[in-house]
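Visitor: Using only what follows, build the 3D model:
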Amino acid sequence: MSRMFCDAAVKMIKSAPPACGVYYFFNKLGTIVYIGKSKSLKNRLASHLQSAKSPAAGYSKQQSLYQEACFAAYEPCESETAALLRECEQIKRYRPRYNSQLASDRKYPFIYISDGEYPQIALAYEKNKAGRYFGSFYSEFDANHAITLLNETLGTAFCQRSFEKPSAACLSYHIGKCLGPCEAYISSQGYSRAVNEAIDILSGKAASYINKATSDMLEHSEREEYALAAECRDKAAKLMRLEARAEKLNTDIASGSFAIFFRAYHEEAFTAFRLEGGKVTAAMRFSANKPPGKAEFLEFLSCRGDSFAEGLAKMILEIHADKYFVRLPDAGDAAIAELLEHKASAYLGMQEEETVQHAGGNNG
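Guide: Residues are numbered from 1 along each chain as shown. You can find the predicted model right below:
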């Protein structure tokens with residue numbers, strides 16, 4: 001115990017209020033080494049003090065934190081949701097060493113589409129190049145899966161080589177999977193049209209492409225061109241999967257009404273926010289272990305208010321976490337609650353699929 005916290009810090013911790021908020025541990029040099037949050041600062045900090053007195057076996061990382069921590073501070077927040085966002089924001093800002101799961105081990109990727117005559121579609125973790133970014137995604141697997149679907153559907157390049165100078169075409173071109181920008185088999189204008197389709201799809205405008213693929217499928221089927229009909233059917237299916245994933249990308253929220261499902265990856269819960277005209281008007285936490293039902297979403301829709309911080313919507317968009325956007329129709333609460341029930345089930349199912357697939361890839 002003597003190696004954790006100075007006497008003044010212990011006294012301050014014991015006086016912490018039973019309110020939700022964010023707390024900070026500092027080393028003797030004043031550097032933040034850990035940031036946490038709790039719905040009860042009093043209980044959580046008391047738990048840390050107790051654990052420091054008699055640390056459990058096997059928690060070497062926790063013991064190391066307790067040995068290094070010297071000072072503490074806390075910051076009450078107006079709600080558990082506000083505490084979650086504040087914790088994410090501060091971890092991103094200070095990158096404490098003992099928050100490695102959020103600060104280092106876990107990063108949320110983007111899909112990056114470069115500028116130029118032959119734009120590339122690639123994975124990125126930082127917005128440090130000129131071009132368009134879509135995301136963030138829940139996992140690298142999720143982002144790469146979306147890129148693969150785009151390439152398979154549109155013929156954009158799987159490889160990441162530069163297309164400024166012609167080079168030998170790869171296998172994907174020879175088996176009809178790629179338009180062949182590497183050897184300039186397609187003009188820059190033609191390739192840009194395919195990339196612009198990718199931008200439309202990632203921007204949530206896949207409906208017209210799905211309708212076109214479905215229409216083509218029916219026409220080929222009527223002509224008994226079954227192989228071509230099957231290709232169009234597969235294309236429509238891939239476009240629908242991309243359309244579902246596009247709902248997880250940052251959306252223009254300045255106009256219209258949205259719900260956003262927000263989850264930091266380490267959380268056993270997610271938060272639903274309602275945004276109207278770019279401002280947060282409702283928020284509620286739900287368990288991530290079971291999709292919420294219609295009754296729970298009706299309660300969520302009934303708790304509108306104007307007490308949310310002015311910049312909360314902007315903070316939600318900027319924080320790297322898993323987000324799923326649902327544009328809300330101009331309808332009654334019962335219809336909207338049914339939509340949110342369906343979307344939440346799809347969202348949590350998608351996360352489970354991505355987590356299993358990602359773990360399976362790591363194990364293989």
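Visitor: which stretches of the stretch 101-250 of the chain have low pLDDT?
Guide: The model of the stretch 101-250 of the chain has pLDDT under 70 over residues 101-107, 138, 161-169, 248-250.
Visitor: Show me where the stretch 51-200 of the chain has its strands.
Guide: Listed in chain order, the strands of the stretch 51-200 of the chain (DSSP state E, counting those that start in this stretch) span 71-76, 110-114, 121-124, 131-135.
Visitor: Buried residues in the first one, which are they?
Guide: Counting neighbours by 16 or more other Cβ atoms under 10 Å, one finds that the buried residues in strand 71-76 are 71, 72, 74. C-beta coordinates here come from the backbone N, C-alpha and C atoms, glycine included.
Visitor: Could you dump these into a markdown table and include distance to residue 130?
Guide: Supplementary listing: the buried residues of strand 71-76 in a markdown table, determined by distance: Cβ to Cβ, whole Å:
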| residue | distance to residue 130 |
| --- | --- |
| 71 | 43 |
| 72 | 43 |
| 74 | 42 |
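Visitor: Which of those residues sits closest to residue 336?
Guide: For the buried residues of strand 71-76, the residue nearest residue 336 by Cβ to Cβ is residue 74; the value is 37.2 Å.
Visitor: domain assignment for the chain?
Guide: Split into domains by automatic domain parsing, the chain comes to 7-103, 110-246, 257-359.
Visitor: Count the neighbours of residue 282 for me.
Guide: Here the number of neighbours of residue 282 (other Cβ atoms under 10 Å) works out to 18.
Visitor: my read: it touches residue 274, true?
Guide: Yes: the pair residue 282 / residue 274 is scored as a contact, 3.9 Å apart, by Cβ atoms under 8 Å.
Visitor: Please enumerate the shared neighbours of the two.
Guide: Common neighbours of residue 282 and residue 274, counting by Cβ atoms under 8 Å, 6 or more residues apart in numbering, are 300, 301, 304.
Visitor: Now, of those residues, which are buried?
Guide: Buried members of the shared contacts of residue 282 and residue 274, counted by 16+ other Cβ under 10 Å: 300, 301.
Visitor: got the contact list for stretch 204-221?
Guide: In contact with stretch 204-221 (Cβ under 8 Å, 6+ apart) are residues 197, 200-201, 226, 228-229, 232-233, 235-236, 239-240, 242-243, 246-247, 249, 251.
Visitor: any idea how far the residue nearest to residue 30 when sequence neighbours are not counted is from residue 51?
Guide: With sequence-adjacent residues excluded and distances taken as Cβ to Cβ, 6 or more residues apart in numbering, residue 30 is closest to residue 71, at 7.2 Å. Distance of residue 71 to residue 51, given as Cβ to Cβ, to the nearest Å: 17 Å.
Visitor: Could you do residue 75 as well?
Guide: Distance of residue 75 to residue 51, computed by Cβ to Cβ: 21 Å.
Visitor: The residue nearest to residue 30 contacts residue 10, correct?
Guide: No: with contacts counted by Cβ under 8 Å, residue 71 stays clear of residue 10, the gap being 10.2 Å.
Visitor: Might you report the residue contacts of residue 256?
Guide: Residue 256 neighbours (Cβ under 8 Å, 6+ apart): 327, 328.
Visitor: Model confidence score at it, please.
Guide: We have a pLDDT of 78 for residue 256.
Visitor: Next: residue 364.
Guide: Model confidence at residue 364 (pLDDT) stands at 40.
Visitor: and what of residue 266?
Guide: Confidence for residue 266, expressed as pLDDT, is 61.
Visitor: Contacts only, for residue 267.
Guide: Residue 267 neighbours (Cβ under 8 Å, 6+ apart): 84, 288.
Visitor: What of residue 278?
Guide: Residue 278 makes contact with 253, 254, 255, 313, according to Cβ under 8 Å, 6+ apart.
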